[in-house]
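J.: Need the 3D shape of this:
(one chain, ligands or ions: 2)
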Amino acid sequence: MTRILHLTDLHFGFHRSELVGPLSARIEELRPDLVIASGDLTHRGLPAQMRLAQDFLARITAPVMLMPGNHDVPLLNPFARLFWPFAGFREYFGPELTPTADVGETRVFALNSADPYSWQRGLIRRGEIGRVVGGIDPQATNIVALHHPMQQLPGIDKQPARRADEAMRRLQTAGAHIVLSGHLHRWAVDKVLATGAYPRILQIQGGTALCARLSDMRNEFALLVVDGTEVEIQRHISPMQINRFEDPIISTYSRASGPWRRV
Ligand SMILES: [Fe+2]
Ligand SMILES: [Fe+2]
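T.: Ligands and ions are numbered 1, 2, ... in the order given. The predicted model follows:
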């Protein structure tokens, strides 16, 4: 069994500061093998916000995998955003924007979907798709993590990431099993799977772990317990008015017959 904890959209600088302690405590309690934070670590990419995120991440005892979101480029400085968009991220979080890790029975690939030329919209770069396709481990559960979702449900007002369809088609053919994303600040798993668009990839679209925007309704993150062809998803939620995480909502999915189904 491998325990992968997925956090996204921490938005340090516009975060619920009173929830930072409970979030850190719950992460430690869950004893993950790997913690993934899939972008929007900060709200505006400012140095003080980067430091807050850095302090939070440094307290996690498990290995941590990071990748940028659209809020982690210098949003307020167009010159820096165009010419060295990821310099700040690299300074505070290390040089690697697209790390890969073998953790227990999983192989995890980070993609950098932040596009400095576009304010919101993500971009899946062809080279990154090729890197994952070429690196799939046929013996492992292959997990791809990125900031922008690769498929959006009807009614989402943000544009989907460019080249997402092509990426999903190629990833599914190559044998990727799970895609983790954030950005929308809205949890979705079952509704995405029910579209039938990519039945062999379980897309887990995480809500925001710490953003203080009231319309997000809740903060949350997920623990994935991967066991052979099954994955148990534990969704840990803190409603906006309550500064603690409730007992998790648990659901289990299987790919034993190829396509994912909820069991
Ligand atoms: Fe976000
Ligand atoms: Fe975002």
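J.: does the residue of the stretch 51-200 of the chain found nearest ligand 2 sit in a helix, a strand or a coil?
T.: Proximity of the stretch 51-200 of the chain to ligand 2 (Cβ to the ion) peaks at H183, 3.8 Å away. Placement of C-beta: from N, CA and C, glycine included. Under DSSP: H, G, I helix; E, B strand; the rest coil, H183 falls in the coil class.
J.: from memory it sits against H147, does it?
T.: Yes. Counting by Cβ atoms under 8 Å, H183 does reach H147; the two are 5.3 Å apart.
J.: shared neighbours of the two, anything?
T.: Residues touching both H183 and H147 by Cβ atoms under 8 Å, 6 or more residues apart in numbering: 8, 39-40, 69-70, 122.
J.: Most widely separated two among these?
T.: T8 and G122 (13.0 Å; Cβ to Cβ).
J.: Spell out which parts of the stretch 151-263 of the chain neighbour ligand 2.
T.: H183 (Cβ under 5 Å from the ion).
J.: So which residues of the stretch 151-263 of the chain form helices?
T.: All helices of the stretch 151-263 of the chain, identified by DSSP state H, counting those that start in this stretch, fall at 164-174, 190-194.
J.: and of these, who's closest to ligand 1?
T.: Using Cβ to the ion as the criterion, the shortest distance between ligand 1 and the helices of the stretch 151-263 of the chain is 17.0 Å, found for helix 164-174.
J.: Could you give me the buried positions within the closest one?
T.: Residues 164, 167-168, 170-172, 174 are the ones in helix 164-174 that count as buried (16 or more other Cβ atoms under 10 Å).
J.: Using CSV, write down the CA coordinates of it.
T.: Extracted C-alpha coordinates of helix 164-174, given in CSV (Å, rounded to 0.1, in the frame of the first residue of the first chain):
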residue,chain,number,x,y,z
ALA,A,164,-5.5,18.8,-22.6
ASP,A,165,-7.5,16.5,-24.9
GLU,A,166,-4.4,15.5,-26.8
ALA,A,167,-2.6,14.9,-23.5
MET,A,168,-5.4,12.8,-22.0
ARG,A,169,-5.7,10.6,-25.1
ARG,A,170,-1.9,10.0,-25.2
LEU,A,171,-1.7,9.4,-21.5
GLN,A,172,-4.6,7.0,-21.5
THR,A,173,-3.1,5.0,-24.4
ALA,A,174,0.3,4.9,-22.7
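J.: Can you tell me what sits against that helix?
T.: 122, 124, 129, 132-133, 136, 144, 148-151, 179, 197-198, 200-201.
J.: List the neighbours of the lowest-mean-pLDDT helix or strand in the chain that are in contact with it.
T.: Least confident helix or strand of the chain, by mean pLDDT, DSSP states H and E, is helix 78-83 with a mean of 86. Helix 78-83 is contacted by residues 73-75, 87-88, 116-117 when judged by Cβ under 8 Å, 6+ apart.
J.: can you pick the most crowded of those?
T.: Within the contacts of helix 78-83, neighbour counts (other Cβ atoms under 10 Å) peak at V73, which reaches 24 neighbours.
J.: thinking again about what came up before, format the helices of the stretch 151-263 of the chain as TSV; extra columns: mean pLDDT.
T.: Converted to TSV, the helices of the stretch 151-263 of the chain look like this (pLDDT from 0 to 100):
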stretch	mean pLDDT
helix 164-174	98
helix 190-194	98
